[in-house]
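Asker: Here is the input, now give the coordinates:
(chains A and B)
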Amino acid sequence: MYQYHKRDIDTGKGLSTAIIGIISMRYQETGELHKDFHGATLMSVNYIVKNYGVDALREILFHTGTAVYREINQRLKAGDTSELIGFKEYFLQREGGKFTMTKHDNGLFELVVTECPMEKHLKSLGMAIDENFYLLNKFLNEALCHDTPYGLSYEQLADGVSRECLAFGNGGSSHATQ
Amino acid sequence: MLPSDHFVRFYNEVFKFLEAQGPGHLEKYWLEISRHQERHCLELFKEKGLQGMYDYWEHIRIEENCDMTLNLSDDCLTLKMNKCPSLSKVLDNDATPSKRYCDHCAGWIIPVIDKAGYYCVTAPNKPDIPTCDWWIYADKTKAQAKTQELRDKNIKFKSNID
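Answerer: Below you'll find the predicted structure:
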């Protein structure tokens, strides 16, 4: 969610008061990034699907989406989409992703990612972007919205390009190869 | 996208799932992680030895925002994790931590060190205290002396020494 603060800023021609929006979220890491964790994430997803099946991946991501990201899920249950919006924006920006987010007054949004930083890094590691990458995103979005009035779709449109729409009701997901 | 910052919290959920499947499932997964990690460090360890290991963990120290002290001498690399960022995140988490979370480091690192031809000894702390100590040797007798020292002090450890 965003918190707003008044702050005096030195403009060089005297002080001016500005209202500054600061994201304040449950998890808000700063400092260096270790993007190789993206490789370990996809390797783990592949391992789980290969050895335990797709339902096992769904179960793990259900716990990730509802327990690790409890704050997002609980706020959505209460009709507050700000934590989810902050999460998507903050970490895409932090990892250097290219995206546009169109926000609506009712808290809904459309997020179009034109350069996914995770996908970009996975390719640099020589890892294949396949069905499991899509399932990771789809299942995580489903879990974030579990038992809430919302659905967050995930559509993989092309390499590195995806669209996510937060809407009332269940989200529908798809990807380009289906 | 699962942020790279949040991988370890997802990792922790994978651990809990695998632990629930029964004995041996976590260990097999860590071996898979170890094989994956080989792409990042095995050649470096083989080619440059302890210096390569120092370079790898110095890079990790920076990228993972570790409070870690590295010390390289002619015959030993020591890593003293003063505050592990990985376990710290898992503890700063709305989901419950896996009781075996710390075991994953030995689970993937020791096999890589072993393949590189070195001897590794690690003494983790309690699962809710994000500190640990590591010693890596080229000389097996020196590694054995370290394990004996830890035994004498009644400190639990893991190693690849028979």
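Asker: and residue A:44, helix, strand or coil?
Answerer: Following DSSP: H, G, I helix; E, B strand; the rest coil, we place residue A:44 in the helix state.
Asker: what about it, distance to residue B:126?
Answerer: Relative to residue B:126, residue A:44 is positioned 26 Å away (CB to CB, to the nearest Å). Every residue, glycine included, has its C-beta placed from N, CA and C.
Asker: of those two, who's got more company?
Answerer: Applying other CB atoms under 10 Å in any protein chain shown to residue A:44 and residue B:126 shows that residue A:44 carries more neighbours, namely 23 against 8.
Asker: and that one, how far is that from chain B?
Answerer: 5 Å (CB to the nearest CB, to the nearest Å).
Asker: which ones are touching that residue?
Answerer: The contact partners of residue A:44, by CB atoms under 8 Å, 6 or more residues apart in numbering or on different chains, come to B:10, B:11, B:14, B:29, B:33.
Asker: of those, list those near chain A.
Answerer: B:10, B:11, B:14, B:29, B:33 (CB under 8 Å from any CB of the partner chain).
Asker: Dump the residues you listed to CSV, plus pLDDT.
Answerer: Formatted as CSV, the ones next to chain A among the contacts of residue A:44 follow (pLDDT from 0 to 100):
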residue, pLDDT
B:10, 98
B:11, 97
B:14, 98
B:29, 98
B:33, 95
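Asker: so of those, which ones are in helices?
Answerer: If you go by DSSP state H, these have B:10, B:11, B:14, B:29, B:33 in helices.
Asker: Can I get those residues in a markdown table including distance to residue B:65?
Answerer: Converted to a markdown table, those look like this (distance: CB to CB, whole Å):
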| residue | distance to residue B:65 |
| --- | --- |
| B:10 | 18 |
| B:11 | 17 |
| B:14 | 22 |
| B:29 | 25 |
| B:33 | 21 |
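Asker: quick one: which of the residues you listed is nearest residue A:101?
Answerer: Among these, residue B:10 lies closest to residue A:101 (CB to CB), at 23.1 Å.
Asker: What distance do you get for residue B:151 to chain A?
Answerer: In terms of CB to the nearest CB, residue B:151 sits 33 Å off from chain A.
Asker: Show the backbone phi and psi for residue 80.
Answerer: In the absence of a named chain, chain A is used. phi -110, psi 110 (degrees, to the nearest 10).
Asker: other chain: chain B
Answerer: Reported as degrees, to the nearest 10, the phi and psi values for residue B:80 are phi -110, psi 110.
Asker: Get me the contact residues on chain B for chain A.
Answerer: B:1-14, B:16-17, B:21, B:29, B:32-33, B:36-37, B:39-40, B:60, B:62-65, B:93-96.
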